[in-house]
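In: sharing a sequence plus its predicted fold:
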Amino acid sequence: MSRWVTTTRRTAAAEEDRSSYRFTWVPAAREVEGYITAQLARSAAGKLAPYAQVGRVSGRAVGVTAYWDPRWWPAGHGLCSIEVGFTWLAASAQGTGVNTEAKYLLFRHAFETWKAARLDLKTDARNSRCRAAISGVGGHFEGVLRNWSRSWAPGEEGLLRDSAIFSITAGEWPHCRITLEQRIARALERRQSGVDRAAPS
């Protein structure tokens, strides 16, 4: 996972099959440069830390993710909670384990380096695929907040959405870490098995 990549490489990822983006705004090729500019502006304001998801073997950009909306302890000493979000993946990277690896790195850093008490994750309440993915990386469903935040669904500009809220707490992280490491190990085994089968005998 890399902090950022060039516009050209991210444009290719955004232009794959877009059928899974029903409830998520993903920039089209003509919008990528503006998207990067907006994300970097949020970063400069201290509200967002964006990352590109890059295939380790191919070196190809396959998506993005981010830390978002940090909240501090009332006394101002250290991070209390932060959200992991602004995530999308190219169609070819979905279901490959890339998302699991990225979330593992972000979660581990938040809990073990920043000593956060909680991680927030949320999505459009209608997005069953994303809700399943969040549950799969250890998020505990807390409920749905109605008319909670801006809708990113195409055609719903200016409208609010119901948001499904998930979390992981510091006390849950040790078990979550083991589960994610096991999932990553299985994904790596599947990849290696595919490489072995493709190799000439």
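Out: Good, I have the coordinates.

In: list the contacts for Ile184?
Out: Gly97, Thr100, Glu101, Tyr104 (CB atoms under 8 Å, 6 or more residues apart in numbering). Placement of C-beta: from N, CA and C, glycine included.

In: how about those in CSV, adding pLDDT, neighbour count and secondary structure?
Out: Supplementary listing: the contacts of Ile184 in CSV, determined by pLDDT from 0 to 100; neighbours: other CB atoms under 10 Å; DSSP: H, G, I helix; E, B strand; the rest coil:
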residue, pLDDT, neighbour count, secondary structure
Gly97, 81, 17, coil
Thr100, 91, 20, helix
Glu101, 92, 18, helix
Tyr104, 96, 21, helix
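
In: nearest to Val84 among those residues?
Out: The shortest approach to Val84 among the contacts of Ile184 belongs to Tyr104, at 10.9 Å (CB to CB).

In: contacting residues for the spatially closest residue to the closest one that is not a sequence neighbour?
Out: Leaving aside its chain neighbours, Tyr104 sits nearest to Leu180 (4.4 Å; criterion: CB to CB, 6 or more residues apart in numbering). By CB under 8 Å, 6+ apart, the contact set of Leu180 is Thr100, Lys103, Tyr104, Phe107, Val137, Gly138.

In: about what we covered before: which of the contacts of Ile184 sits closest to Ala52?
Out: Among those, and counting by CB to CB, the member closest to Ala52 is Glu101, at 13.2 Å.

In: in the helix or strand Ala133 falls within, what counts as buried?
Out: Element membership for Ala133 (DSSP states H and E) is helix 128-136. Of the residues in helix 128-136, Cys130, Arg131, Ala133, Ile134 count as buried by neighbour count, 16 or more other CB atoms under 10 Å.
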